[in-house]
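Peer 1: Sequence first, predicted model second:
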Amino acid sequence: MFKWAIIFAVIGLIAGALGFTGAAGAAMGVAKLLFWVGLVIAIVLLILGLTVARKVT
């Protein structure tokens with residue numbers, strides 16, 4: 001997930017440098033969305049991992 005966020009961020013930066021403002025804004029928006037979704041999933045899995053580990057041991 002974070003890999004795709006970085007890819008879209010790079011695409012957005014390149015498009016912004018070349019003057020494609022619409023494409024840059026769209027790519028950066030997707031990158032931001034993927035970053036936050038990935039972060040939320042990582043936090044949820046961390047919390048689940050900690051709670052399940054307590055129940056198993």
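Peer 2: Thanks, I have the structure now. All values derive from a computational prediction rather than experimental measurement.
Peer 1: For the helix ranked longest in the chain, name the packing helices and strands.
Peer 2: The helix spanning the most residues in the chain, taking DSSP state H as the definition, is helix 21-56. Applying 3 or more Cβ pairs under 8 Å, 6 or more residues apart in numbering; DSSP states H and E, one finds that helix 21-56 contacts helix 2-18. All C-beta atoms are positioned from the backbone trio N, CA, C, and that covers glycine.
Peer 1: Mind listing residues that contact the helix it packs on?
Peer 2: Helix 2-18 has contacts (Cβ atoms under 8 Å, 6 or more residues apart in numbering) with 21, 23-28, 30-32, 34-35, 38.
Peer 1: Pull the most distant pair out of the residues you listed.
Peer 2: Using Cβ to Cβ, the contacts of helix 2-18 span at most 25.8 Å, a distance reached by 21 and 38.
Peer 1: about what we covered before: angle of the longest helix of the chain against helix 2-18?
Peer 2: Put simply, helix 21-56 runs at 160 degrees to helix 2-18, going by axes from the mean of the first three to the mean of the last three Cα atoms, to 10 degrees.
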